[in-house]
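[1] Just to be clear, the model below is a prediction. Sequence and coordinates:
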Amino acid sequence: MRTIAEFEATARERLDPAHYDYFAGGAQDEITLRENEEAYKRLRLVPRVLRGSDKRDLSVDLLGTPSSMPILVAPTAFHRLAHPDGELATARAAARAGTIMIVSMASTTAIEDIAAAAREVAPDPGLWFQLYLQPDLEFTEAIVRRAENAGVKAFVVTVDSPVLGRRERDDRNAFHDLPPGLAVENLRNIGENRSGGTASHVRDIVMSALNWDHIAWLRSKTRLPVLIKGLLHAEDARLAVHHGVAGIVVSNHGGRQLDTVPATIDVLPEIAAAVGGALPVLLDGGIRRGTDVVKALALGADAVGVGRPVVWGLAAGGREGVSEVLEMLRADFDQALALCGGRHPADLTPDQVRR
Ligand SMILES: Cc1cc2nc3c(=O)[nH]c(=O)nc-3n(C[C@H](O)[C@H](O)[C@H](O)COP(=O)(O)O)c2cc1C
Ligand SMILES: O=C(O)C(=O)c1ccccc1
C-alpha cells in the first residue's frame, strides 16, 4: 500500500462496520473532522534551495524522551477492536520505529503488558500515558503508579473532554459497549459499581469538574513530565505555561469532541506565539502526508501525533501494518523535508508556509 487512504480502505473492508464507524467518525456533523484534513490542503509550501540537504536527521528529543522522528502515535482507545493483537502490536511497531507511543488510558490491554511488548523490541521504549483524571483521585493515583511502574516517561492529561462528544454514527449503530471478552484493562477493579468493561462505562469516566487544580494535584503526585492535550485557545496555552505544565498538545480530539472548532493547524500559529518556546508544542489531527508534518513543524509544532492512520495500519495488518504506516509517514516526511531544503525538523520556518 502506498498511502494512508489505501490503508483506510483496507481497514474498512476488514472491520465490522460499527467498529469502522467508531474509529473513523467524529462529533455531530463532522465538520471539524473534515476540516482537520482540508486545512492542510489550503496551505502552500515555499521551499528553500541550495542548502545541501543530505545527511538528514529526523530525530527529536521531547521532554527527555528521544524519538527517531517528530511523528508520534497519538492515544486512541480500543485497539483490540481493530486487531486481535491490539495495543501489543501497536506498541511493538512504535518501539521498532523508535518513536513515542502515547498509550490511551482506555486501552484494551493493560499498560504493564503493553510496556512488556514494547520492551521485547527495544530496550528502552518511549511510552507515554494518556490520562482521563477521575473524580476518584485515589483511583487516579493508583493508575498513575501502575503506569510509572510499567516505565512510562510522561503523562498526557486529556482536557478537551469534560463530557464526551456526541458521535452520531455510534448512536446509529448502537455502539456503546465493547464486545464480550474485551475490557478497558487499566480500569479493572475501579470500584464496586464501575467494572470498566464497557464503552458506556468509560463514557462515565470523563470528568466534568476537571480544572487547573487537578493539574497541580497530578504534578504533586509524579516526578514525570505532565502534558495537557486538547487545547485550542492561545490564552489556555499561556495558562499552561503559567501553571507549569511540561508541554501541550494542540488537539481537537480528531474532530470527536466539540464539532465546528477550527482545524488544529489553523490555531497553531497563535498558540506557538503565545507559548514563545517556553515549552514543547505538539499537535494532532488530520496528519496524513509528509507535507502535513512539514507544515505543522514550520508553523511551530515540535512534533505531531497520528491517531487514525495507526488504527488503519493495525486493522489492515497488525503490527506489520502499523510499522508500514509509520515508515510510510517517515519516508514521506523525510522527502518533503529534503524538498523544503531542510536537514532537521528544526530547520523549517513559518515563512515557508503560505495561505
Ligand atoms: C478511535 C479514536 C479513539 C481515541 N481515543 C482517545 C483516547 O482514548 N484518549 C485521547 O486523549 N484521545 C483519543 N483520541 C484522539 C486522538 O488522540 C487524536 O487527538 C486524534 O485521533 C488525532 O486525529 P487523527 O485521527 O486525524 O490523527 C481518539 C481518536 C480516535 C480516532
Ligand atoms: O473515543 C474517544 O475519542 C475517546 O477519547 C474515548 C474516551 C473514553 C473511552 C474510550 C474512548
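    Ah, there it is. Ligands and ions are numbered 1, 2, ... in the order given.

[2] And for the residue nearest to Gly126 when sequence neighbours are not counted, the neighbour number?
    In space, and not counting its chain neighbours, Gly126 is closest to Ile100: 4.0 Å by C-beta to C-beta, 6 or more residues apart in numbering. To be clear about C-beta, it is placed using only N, CA and C from the backbone, and glycine gets the same treatment. Residues within reach of Ile100, counting by other C-beta atoms under 10 Å, total 30.

[3] what's the answer for Ala142, then?
    14.

[4] wait, what's in contact with the residue nearest to Gly126?
    62, 65, 67, 72-73, 94, 126-128, 303 (C-beta atoms under 8 Å, 6 or more residues apart in numbering).

[5] So it versus Val281, what's the distance?
    Distance, Ile100 to Val281, using C-beta to C-beta, to the nearest Å: 15 Å.

[6] Where do the helices of this structure begin and end?
    4-14, 17-24, 31-41, 79-82, 86-97, 111-121, 137-150, 168-173, 199-203, 212-221, 234-242, 264-275, 290-298, 308-339 (DSSP state H).

[7] And the ones you listed, which one averages the lowest pLDDT?
    Out of those, helix 199-203 stands lowest, with a mean of 59 (criterion: mean pLDDT).

[8] re earlier: what's the separation between the residue nearest to Gly126 and ligand 2?
    18 Å (C-beta to the nearest ligand atom, to the nearest Å).

[9] what residues are up against the nearest residue to Ile248 once chain neighbours are set aside?
    Nearest residue to Ile248 in three dimensions, chain neighbours excluded: Ala240, at 5.1 Å (C-beta to C-beta, 6+ apart). The contact partners of Ala240, taken as C-beta under 8 Å, 6+ apart, are 228, 231, 248, 275, 279.

[10] Val293 and Pro70 touch, don't they?
    Yes - between Val293 and Pro70 there is a contact at 6.9 Å, judged by C-beta atoms under 8 Å.

[11] Those two - which one has more neighbours?
    Val293 (30 against 26).

[12] which residue is nearest the centroid of this protein?
    Against the mean C-alpha coordinate of the chain, by C-alpha atoms, centre = their mean, the closest residue is Ala74 at 1.7 Å.

[13] hmm, stretch 319-326 in reach of ligand 1?
    No - applying C-beta under 6 Å from any ligand atom, one finds stretch 319-326 out of contact with ligand 1, separated by at least 11.1 Å.

[14] Show me what that stretch is in contact with.
    1, 4, 7, 71, 73, 83, 85, 88-90, 92-94, 96-97, 99, 306, 309-310, 312-315, 317.

[15] Also stretch 226-237?
    Under C-beta under 8 Å, 6+ apart, the answer for stretch 226-237 is 63, 75, 128, 130, 154-161, 215, 218-219, 240, 245-253, 257, 261-262, 264, 267, 270-271, 273-275, 281-282.

[16] taking the residues you listed one by one, which sit in strands?
    The members of the contacts of stretch 226-237 that map onto strands under DSSP state E are 128, 130, 155-158, 247-250, 281-282.

[17] And Leu337, how far from Ser161?
    From Leu337 across to Ser161, the span is 33 Å (C-beta to C-beta).

[18] quick one, which of these two is more surrounded?
    Between Leu337 and Ser161, Leu337 has the larger neighbour count (other C-beta under 10 Å), namely 24 against 20.

[19] Up against ligand 2, what does the protein have?
    Counting by C-beta under 6 Å from any ligand atom, the chain sits next to ligand 2 at 77, 106, 202, 253, 256.

[20] filter these by proximity to ligand 1?
    Okay, of those touching ligand 1 (C-beta under 6 Å from any ligand atom), that's 77, 106, 253, 256.

[21] before we move on, the earlier item: need the nearest residue in space to the residue nearest to the centre of the chain, chain neighbours excluded.
    Gly305 is the one closest to Ala74 (C-beta to C-beta, 6+ apart), at 3.3 Å.

[22] likewise Asp170?
    The shortest distance from Asp170 to any non-neighbouring residue, by C-beta to C-beta, 6+ apart, is to Tyr22 (5.9 Å).

[23] Please name the residues that touch the residue in the stretch 251-355 of the chain positioned nearest to ligand 1.
    Ligand 1 sits closest to Gly307 of the stretch 251-355 of the chain, with a gap of 2.2 Å, by C-beta to the nearest ligand atom. With contacts defined as C-beta under 8 Å, 6+ apart, Gly307 is in contact with 74-76, 254, 284-285.

[24] on that earlier part again, now list whatever residues contact both of Val293 and Pro70.
    304, 333.

[25] Now for Leu282: which residues touch it?
    Counted by C-beta under 8 Å, 6+ apart, Leu282 has contacts 62, 72, 227, 229, 247-250, 301-305.

[26] so what's the residue nearest to Ala74 bridging to?
    Here Gly305 sits in beta bridges with Leu72, Asp284, going by DSSP bridges.

[27] Tell me how many other residues surround it.
    Close neighbours of Gly305, defined as other C-beta under 10 Å, add up to 28.

[28] Noted, bye for now.
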